[in-house]
Structures are given as C-alpha cells and as structure tokens.
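Novice: Model the structure of this input:
(chains A and B)
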There are 2 protein chains.
Amino acid sequence: MKKKPRIISTKQVARSRLFCVEEISLEFSNGVARIYERMVAGKNGAVMIIALTEKQELILIREYSAGTDDYQLAFPKGLIDAGETPLEAANRELKEEAGYGARELEQLKVISLAPGYFSHQMNIIFARNLYEEKLEGDEPEPLDVVLWPFNKINELLTLEDFTESRSIAGLMLVHQYLAKQDN
Amino acid sequence: MKKKPRIISTKQVARSRLFCVEEISLEFSNGVARIYERMVAGKNGAVMIIALTEKQELILIREYSAGTDDYQLAFPKGLIDAGETPLEAANRELKEEAGYGARELEQLKVISLAPGYFSHQMNIIFARNLYEEKLEGDEPEPLDVVLWPFNKINELLTLEDFTESRSIAGLMLVHQYLAKQDN
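Specialist: Purely as a prediction, here's the structure:
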C-alpha cells in the first residue's frame, strides 16, 4: 500500500449556504506537490432507503431535481439529523417521503459520491416488513411514490429519469444481498 | 406528469477554481416558492470505463481521493475533452490510467451524480477486446492497476476502499447487460 500524501495546508476558498469548498495543498510520498479542491459535507452523513414491499416491489420517489432541472426517479433519501442513528434516519425519511415505516432495517454499505472531490457519505439501508405511516416532510409539493416490481430491474435501468448513481448502486447492493440469501 | 417548477432567477453565489455554485429561485406548479442551490458542471461531461479483459477480469484503479482523504478503488474515469466523443474519451482515459486500449466500446447509460444538487453527467462505457497501450496521464504518482475477477463482484462490494457510487452503479449496469446477453 502507498503512503498517503501529506496535507500541507487547507483553506476555505468558497462558501455558500449549502456548499463549502476547501483548497488543500498536498505532497505525495514521491515528493510531487499538488493543489486540489474538495467539497466538505456535513458531519452526520446521509441515508438512502431501498424498501421492498410484501409484493416484492421497490419503493421509488419521483421528485424535482434542481441540479438537472427535471423530475428524477430515485430511492427515498435524506440527511441524518443530529442524535439519530442511520437506521432511525432511514425510517423517518421513508415515512416522510414515501408514507411507510419498516420493522426490519439493515445497513448494506456506506458509499461515497465522488470521493476525489466530495467527503459525502451515504448509508445504504435495506428496509422490509413495512407498514403504512406518513410523517410530514418539508417538500414543496407532494412527492409521487412509485412501486416497481423487483423482478423488473432491467426495465427500471433503461428509464431516462432513473439516472442517479447512488440509486443504481443501491440496486446492485440489494441485488447481491438477496442473491446471497437465496444461495 | 407534474409540470416542472418555473425558474424565476439564477445567480452565481460562490465560485472556486473547480466549483461553481448557483442559487436558483423556483416556483413550483402549486405556487410554492423555494430557493435552492446547485453546482454547475462543465459542459462536456465525463466518462467511466468498465473494461473486461479476455480472462473476464475487471480493470480497477487505486488512487488517492482528496474528498475522503484515502486511497479508493474505482473504475478509470475522466472528463471528456472538447471535440472528443464519449467513446474516444473513454479509450484515452483507459490508456492513460490503466495502460489498455479497447477495440469494442459501448455506452451503457448516462448517469447523474446527485441530481438534486449537481448537473454532472457521467457516461458509463463498457470496454472489451483490449490491447496494451499506455498514454501519459497527469497523475501525481503512478496509479495502481488492479485486475478483479468478474465472478467475484460480491467480494469486491464488501471492500472498504470500494465505495464510489458511480463504480458500484457501473457494476450493476454491466451485470445486467451481460445477463441479458446470456439469455
């Protein structure tokens, strides 16, 4: 394993309400110096919930996405509040965004967004044994909840509004998890 | 389908060498007004290359990631240069980062990063029929190239340094693509 680069210095170079950009000055173990930029995320991390109904349907949300200026289909997700565990946050977000709670919640993996540039961490949570419960969220308009048969993942992957890397990564993790259980 | 929110105004609120943050003022079709922030990416987009050797091994790169301050295993990737097609960029990046060219390149899907906040688009390219060719890249230190048997995806997914959402999403896309071909 290579020795990690030494961080010589870091400084904040841009900041907005949501985003904070740091410049970091690095020296690699071979002596090469570089200046990189990275975005620093909040400390608590986030959750994405892949919930499966009794009928083996995935629960998806269709929501306006400002970054791409379109409606995107993705799994429910949100930030972990201070004092919450990832599983508690997952159940809350599932109730707020989709109108379901879960009696079984399991963390499959913590994934990163684009680790070269972002410190963000997302806990992928698999939820089953669901019940109906709606909590009030802070969405500007009601979210569309879409149920999608798990055995039609192929078709889901071809949809032009199902593009989010973390949702597709989540599918991979659940797919492998369930395949392992079947063996 | 819901009517898209109307963008009332946009303004740049933060900028660094790499990142540009815009504030957008929106009115949803139900009349609710919101102010969002989003990061604006370069226009050409990016590519990620999932290359499979003749021995059915995936080609991975181990590289220092400043966002998470650790070494991460991920598929080769990079920005599309002006005038390049996504497939040309994919072949160039594969040569620069991994030391291989490909005679067969196929675009599987264009995925987004976190579409609520980022406009970034990543072309997932599947590469086969490889040959050895090294192009000079701009890496500060030599990249480790790791060959991983495709039939050991399960183990790959459990590695603590294989966390990148786009790489895991890419695995899902290749997995489904090959499963379809087998049927």
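
Novice: so the closest residue to A:Thr53 other than its chain neighbours bridges to which residues?
Specialist: Using Cβ to Cβ, 6 or more residues apart in numbering or on different chains and skipping residues adjacent in sequence, the residue nearest A:Thr53 is A:Leu130, 5.9 Å away. Yep, even glycine has a C-beta here, placed from its N, CA and C like the rest. According to DSSP bridges, the partner residues bridging A:Leu130 are A:Ala102.

Novice: Contact partners for A:Leu130?
Specialist: Shown in contact with A:Leu130 (Cβ atoms under 8 Å, 6 or more residues apart in numbering or on different chains): A:Ala51, A:Leu52, A:Thr53, A:Glu54, A:Tyr100, A:Gly101, A:Ala102, A:Arg103.

Novice: likewise A:Val174?
Specialist: Contacts for A:Val174 were tallied using Cβ under 8 Å, 6+ apart; they are A:Ile50, A:Leu52, A:Leu108, A:Phe126.

Novice: Now flag whichever of those residues is closest to chain B.
Specialist: Chain B has its nearest neighbour among the contacts of A:Val174 in A:Leu108, at 8.8 Å by Cβ to the nearest Cβ.

Novice: Within the helices and strands, which one has that closest one?
Specialist: Assigning secondary structure by DSSP states H and E places A:Leu108 in strand A:100-112.

Novice: Show me which residues of that strand are buried.
Specialist: With burial defined by 16 or more other Cβ atoms under 10 Å in any protein chain shown, the residues of strand A:100-112 counted as buried are A:Tyr100, A:Gly101, A:Ala102, A:Leu105, A:Leu108, A:Lys109, A:Ile111, A:Ser112.

Novice: Same check on stretch A:139-149?
Specialist: Along stretch A:139-149, these residues count as buried under the neighbour rule (16+ other Cβ under 10 Å): A:Pro140, A:Leu143, A:Trp148.

Novice: and that stretch, anywhere near chain B?
Specialist: Yes - among the residues of stretch A:139-149, A:Pro140, A:Glu141, A:Asp144 lie within reach of chain B under Cβ under 8 Å from any Cβ of the partner chain.

Novice: Please report the distance of the second one from A:Phe75.
Specialist: Going back to what we said before, that points to A:Glu141. Counting by Cβ to Cβ, to the nearest Å, the gap from A:Glu141 to A:Phe75 is 19 Å.

Novice: Tabulate the CA atom coordinates of the strand holding A:Leu108 in CSV.
Specialist: What follows is strand A:100-112, C-alpha atoms only, in CSV (Å, rounded to 0.1, in the frame of the first residue of the first chain):
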residue,chain,number,x,y,z
TYR,A,100,-44.1,3.8,5.0
GLY,A,101,-42.3,2.6,8.1
ALA,A,102,-40.2,-0.5,8.3
ARG,A,103,-39.9,-3.2,11.1
GLU,A,104,-36.7,-4.5,9.5
LEU,A,105,-33.9,-2.1,8.6
GLU,A,106,-30.4,-3.2,7.7
GLN,A,107,-27.3,-1.3,6.6
LEU,A,108,-25.8,-2.8,3.5
LYS,A,109,-22.8,-0.4,2.9
VAL,A,110,-21.6,3.1,3.3
ILE,A,111,-20.9,4.6,-0.2
SER,A,112,-19.2,7.7,-1.3
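
Novice: okay, now the domains of chain A?
Specialist: Following automatic domain parsing, chain A resolves into domains at A:6-39, A:46-182.

Novice: Any buried residues in the first one, and which?
Specialist: Residues A:13-14, A:16, A:18-24, A:26, A:28, A:34, A:36-39 are the ones in domain A:6-39 that count as buried (16+ other Cβ under 10 Å).

Novice: quick one: terminal-to-terminal distance for it?
Specialist: Separation of the first and last residues of domain A:6-39 by Cα to Cα, to the nearest Å is 18 Å.

Novice: Give me the contact status of that domain with chain B.
Specialist: Yes - against chain B, domain A:6-39 shows contacts by Cβ under 8 Å from any Cβ at A:7, A:13-19, A:21, A:23-24, A:26, A:28-30, A:32, A:34, A:36-39.

Novice: As a check, name the ranges of all helices in chain A.
Specialist: In chain order, chain A shows helices spanning A:86-98, A:153-158, A:165-182, with DSSP state H as the criterion.

Novice: will you turn these into a markdown table that also has mean pLDDT?
Specialist: Output for the helices of chain A, formatted as a markdown table (pLDDT from 0 to 100):
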| stretch | mean pLDDT |
| --- | --- |
| helix A:86-98 | 98 |
| helix A:153-158 | 96 |
| helix A:165-182 | 95 |
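
Novice: Tell me the residue in chain A that is farthest from the middle.
Specialist: For chain A, the C-alpha lying farthest from the average C-alpha position belongs to A:Gly31; by Cα atoms, centre = their mean, that distance is 35.9 Å.

Novice: if I look at it, how far off is B:Glu141?
Specialist: When Cβ to Cβ is the yardstick, A:Gly31 and B:Glu141 sit 9 Å from each other.

Novice: Out of the residues of stretch A:139-149 next to chain B, flag the one nearest to A:Asp81.
Specialist: Within those, proximity to A:Asp81 (Cβ to Cβ) peaks at A:Pro140, which comes in at 19.8 Å.

Novice: Excluding covalently adjacent residues, which one is nearest to the closest one?
Specialist: Nearest non-adjacent residue to A:Pro140 (Cβ to Cβ, 6+ apart): B:Val32, at 4.3 Å.
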